[in-house]
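Chemist: this one's structure only:
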Ligand code: CTP
C-alpha cells in the first residue's frame, strides 16, 4: 500500500532537513508531494526537493498549469496525511485562524486527511503564550503536534523548539495512519518497557543510568505502525509520546513492575527494552541527607526482575528481552535468554561511543537455536527490522495462526 503524503515545508531553518525527511518517508513506502511556502524557498531549493521526491514542487495557489494538472482540492483529497515540517509559529497561527492565503493553508482547510505539524522555532518563540495557545487549539481540533525536540538550536541557544529528526517524524507519521493498513501485528496487544528507572535515595537524590529510552520508544512506535495496540511503560525520559500508543509513566523499578503486570493481561508480545535498576536503596531516607561524615555507605537491595517475572507467567506472552553489554556481548546475552526463559533477546554493545543515548544502534538477536545480526542503523529503522523478526517468530510459535503481510513499512528499499 502506498501512503500519499502532502509534505508542507514552511520557512524555518530546519527546512534544510526536508530532503532527508522526504527520503525517510519514501523509505517507508510513501509517495510524497511537496508544497512549499514562499519563505521556505529561502532555506532549501525546490530543485533539490524535486530530485528527492520525484514530483514537481507545488508552491503557488495561482499556478494555472499546475492547478490544471492537479487542483488544490484534488491534492487535498489525494493526501492520506498532510504533514508540515518544519512548521513555523506563523503557519500554526494561520491554521488556527482558518485563513487560506496560500496553497499550503488552503490544502489544510480543504483536506479531510489527518494533519500533523512538526514545529521548529527558537525556544522563546515556542514557549510564548501565543504559540502555546495556538498549539492547544490545534490539538483540540485533532491536529497532531510532533515534538518539538529539545536541544541546541540554530540561533545558538538551547531549549525546546528543535524540529524532531527526520526519521522520527517519518516513523510517527506512518504510525499515525498505520491503523488504516493491514499491519503485521494488526489486532495484537504489545507491551513495551523503556527508559531508565530512578531509585530514590532521599527526597532529592536518586540512582539511575544512561538509558535515553530511544530504543524502547522506537520499538513501541514500530509495533503501533504495524497495527498493534501498544502500551508503553516508560521510565523518566525526554521523548515525545509516540502517537497512537498508550503511555504509562513510572519512576522506580517497583512502579514499572506494577504497571507492567497491570497492563500484561492478554498481551501477545512483551518487549523489555527498559534499563531497569538491578538494585535500589534498602530504605529511602525521609529528609535530605547531610554531609556530616567523611564517607557514607548505601545499602542496596535487589529490584524485582520484570522480564523474568513476565516470562514465568502461566500464560506468558511471547517475551523479548534486551541485553546491553560492554563485553562478551553474545555470550552474556545467551545466558540471559536461557536463565530468564525468553523467546528472543536483542543484544547490543554499550559504551562511550555506542548504545545508550544515541540515535543509532547495531544489534544481534539470539534465540534458542539461531541468531541474526543487524548492522548499525537509526534506532527507528532498527526497531522496524527487529519488529519484523519478532513477528515472524511470534507467528511461527503460534503455528496455526496465519501471518498477515507487511503492508505499510518497507525500510529496506
Ligand atoms: N530487566 C527487567 N527488570 C529488571 C532488570 C532487567 O525487566 N529488574 C530486563 C531489561 O529490560 C532487559 C533485560 O532484563 O530486557 C536485561 O537483563 P539483565 O540480566 O537484567 O541485564 P542487566 O541489568 O544488564 O544484568 P547484568 O547487570 O547482570 O548484566
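Modeler: In hand now; what should we look at? Everything quoted here is computed from the prediction, not taken from an experiment.
Chemist: what does the stretch 251-400 of the chain have sitting close to the ligand?
Modeler: For the stretch 251-400 of the chain, the residues in contact with the ligand (CB under 6 Å from any ligand atom) are 253, 272, 274, 276, 278, 303, 305-307, 321-324, 336. Glycine gets a C-beta too; all of them are placed from N, C-alpha and C.
Chemist: residue 168 contacts residue 380, correct?
Modeler: Yes: under the criterion of CB atoms under 8 Å, residue 168 makes contact with residue 380 at 6.3 Å.
Chemist: ok, residues contacting stretch 296-304?
Modeler: 197, 199, 201, 252-254, 257, 276-283, 289 (CB atoms under 8 Å, 6 or more residues apart in numbering).
Chemist: same check on stretch 17-33?
Modeler: Contacts of stretch 17-33 (CB under 8 Å, 6+ apart): 1-7, 9, 34, 40, 44, 48-49, 52-53, 55, 58, 75, 78-79, 85-86, 163, 165-167, 169-171, 173-174, 381, 408-411, 413.
Chemist: give me the mean pLDDT for that stretch.
Modeler: Across stretch 17-33, the average pLDDT comes to 92.
Chemist: among the contacts of stretch 17-33, which are located in helices?
Modeler: 48-49, 52-53, 75, 78, 166-167, 169-171, 173-174, 381 (DSSP state H).
Chemist: rewinding a little: what is the nearest of the contacts of stretch 296-304 to the ligand?
Modeler: residue 276 (3.5 Å; CB to the nearest ligand atom).
Chemist: who touches the closest residue to that closest one other than its chain neighbours in this structure?
Modeler: In space, residue 276 comes closest to residue 253 once its chain neighbours are excluded; the distance is 4.9 Å by CB to CB, 6 or more residues apart in numbering. Contact analysis of residue 253 by CB under 8 Å, 6+ apart lists 197, 199, 276, 277, 280, 303, 304, 306.
Chemist: strands - which of the residues you listed land there?
Modeler: 199, 280 (DSSP state E).
Chemist: rewinding a little: give me the pLDDT for the residue nearest to residue 276.
Modeler: 98.
Chemist: and for stretch 118-126, what's in contact with it?
Modeler: Contacts of stretch 118-126 (CB under 8 Å, 6+ apart): 12-14, 83-89, 92, 131-132, 135, 145-148, 153, 155, 157-164, 169.
Chemist: now do stretch 61-69
Modeler: 56, 58, 60, 72, 102, 103, 106.
Chemist: swap in 10 Å and give it another go.
Modeler: With CB atoms under 10 Å, 6 or more residues apart in numbering as the test, stretch 61-69 has contacts from 35, 56-60, 71-75, 100-107.
Chemist: just the buried ones from those?
Modeler: 35, 57-59, 72, 75, 100, 102-107 (16 or more other CB atoms under 10 Å).
Chemist: so which one among the residues you listed has the lowest pLDDT?
Modeler: Scoring the buried ones among the contacts of stretch 61-69 by pLDDT puts residue 72 last, at 87.
Chemist: under the pLDDT cut-off, which ranges of the stretch 51-200 of the chain? List them.
Modeler: Applying pLDDT under 70 to the stretch 51-200 of the chain flags residues 151, 175, 178-183.
Chemist: circling back: quick one: which two of the buried ones among the contacts of stretch 61-69 are the most distant?
Modeler: Maximum pairwise distance among these (CB to CB): 19.3 Å, between 57 and 100.
Chemist: not counting its neighbours along the chain, what's nearest residue 273?
Modeler: residue 216 (3.4 Å).
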